[in-house]
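> Using only what follows, build the 3D model:
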Amino acid sequence: MKFKFFLFSALFLVAFAPQKVEAQTADEIISNYYEVIGGVDAWKNLNSMKMTGSAENFGMTFPITVYSMRPNLQKVVVDIQGQQFVEAFDGEVAWTINPFMGGTDPVKKSEEETKEAAKQVFEDDLINYKEKGHSVSLEGKEEIDGIETFKLKLTKADGDEIIYFFDTENFVPVVVRRFISTGELKGKAVDTYLSDYDEVGGMMIPHSYEQKVDGQTFMKSNFTSIEMNPDISVDEFKFPEK
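Model (predicted):
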C-alpha cells in the first residue's frame with residue numbers, strides 16, 4: 001500500500017510498518033514455496049507441459065489430456081463415451097468442441113470468454129509478481145480439512161484476485177481459490193484442492209486436483225503421466241479451420 005502523505009512520524013510508524021512486515025512475510029512464504037518445489041529457475045525453464053490421466057464428473061470417469069504452453073496456450077481434451085469434448089485457447093481464439101451441445105464441429109467462444117481464457121497464463125502468477133504489476137498480502141492463517149495454512153492473497157494488475165492456502169509445514173498450496181468473472185456464476189469462488197505432490201523432472205507437481213463451488217465437488221482429476229517440456233506444436237492449440 002502506498003501512502004501519499006503522513007500527518008506525522010508516529011502515524012507513519014503505526015500505519016506503514018505493519019504493512020512492511022506483512023509484505024516480507026508473504027515474500028518469505030513464496031520463497032519457501034519455490035525452494036520446496038524445485039526453484040524459480042526450473043520453472044522459468046519450463047515452456048510446455050502435457051498431463052494425462054482421468055477425470056471424474058457426475059459419477060463417471062473419463063480419460064483426460066491437458067496441454068499447456070507459454071505464454072497462455074491451453075487445451076483440454078476429455079474422451080466421453082467415444083466422443084471428444086475440447087476446450088482450448090490458441091493465443092487469440094478460445095474455442096470448444098462440445099458433442100453434447102449439438103455437434104462435433106469446433107465453435108469459437110464469445111469475446112468475454114476469450115478474454116477470460118487469455119488470463120490463464122502458463123507461468124505461475126507468483127513468479128516475479130511485482131514485475132508483473134501484482135501485489136500480495138498475508139491474510140493470516142486458516143485451517144483447511146485439518147491442515148493449518150497461510151492464507152495469501154494475490155491481487156493481479158487487472159484487479160483479479162487469487163487466494164492461496166499454503167501448508168504451514170511444507171509450504172505447498174493445498175487450495176487455490178479463483179473467482180468466476182463471466183456467466184451465471186460470476187463472482188462465485190472456485191476452490192481447487194491440490195494433492196499427491198510428486199517429483200517430475202526435479203520439480204514437485206500435484207497429480208490430483210479437485211474443484212469445488214460452494215463446497216460441492218464438480219470435477220476431480222488424477223494424472224498418472226506428466227511430461228515436462230514435451231515437443232508440442234502450436235498447431236495443437238489452433239482453432240481448426242474448415
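> Walk me through the regions of the protein where pLDDT falls short of the threshold, as ranges.
1-24, 242 (pLDDT under 70).
> mind listing the strands in it by residue range?
48-57, 60-69, 73-80, 83-89, 94-97, 107-108, 135-144, 147-155, 161-167, 173-179, 189-200, 203-213, 216-228 (DSSP state E).
> Please tabulate the ones you listed in a markdown table and include distance to Glu241 and mean neighbour count as additional columns.
For the C-beta atoms, the positions are set from N, CA and C on the backbone; glycine is no exception. Shown next, in a markdown table, are the strands of the chain (distance: least, CB to CB, whole Å; neighbours: other CB atoms under 10 Å):
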| stretch | distance to Glu241 | mean neighbour count |
| --- | --- | --- |
| strand 48-57 | 23 | 18 |
| strand 60-69 | 19 | 17 |
| strand 73-80 | 16 | 18 |
| strand 83-89 | 14 | 18 |
| strand 94-97 | 11 | 20 |
| strand 107-108 | 11 | 12 |
| strand 135-144 | 41 | 14 |
| strand 147-155 | 37 | 18 |
| strand 161-167 | 34 | 20 |
| strand 173-179 | 31 | 19 |
| strand 189-200 | 32 | 15 |
| strand 203-213 | 32 | 17 |
| strand 216-228 | 28 | 15 |
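> Can you redo those as a markdown table, where the extra columns are distance to Thr114?
Formatted as a markdown table, these follow (distance: least, CB to CB, whole Å):
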| stretch | distance to Thr114 |
| --- | --- |
| strand 48-57 | 21 |
| strand 60-69 | 17 |
| strand 73-80 | 12 |
| strand 83-89 | 7 |
| strand 94-97 | 4 |
| strand 107-108 | 8 |
| strand 135-144 | 26 |
| strand 147-155 | 23 |
| strand 161-167 | 20 |
| strand 173-179 | 18 |
| strand 189-200 | 19 |
| strand 203-213 | 21 |
| strand 216-228 | 22 |
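> Glu56 is in contact with Ile64, correct?
No. In this structure Ile64 lies outside contact range of Glu56 using CB atoms under 8 Å: 9.6 Å.
> Give me the common contacts of the two.
Ser221 (CB atoms under 8 Å, 6 or more residues apart in numbering).
> Please report how far the closest residue in space to Met69 that isn't next to it in sequence lies from Val234.
Nearest residue to Met69 in three dimensions, chain neighbours excluded: Ser48, at 4.3 Å (CB to CB, 6 or more residues apart in numbering). Note on Ser48: its distance to Val234, by CB to CB, to the nearest Å, is 10 Å.
> what touches both of these two?
Met69.
> if I look at the closest residue in space to Asn170 that isn't next to it in sequence, how far off is Pro230?
The shortest distance from Asn170 to any non-neighbouring residue, by CB to CB, 6+ apart, is to Val36 (6.5 Å). From Val36 over to Pro230 the distance is 24 Å, taken as CB to CB.
> same thing with Glu148?
Glu148 is 36 Å from Pro230, by CB to CB.
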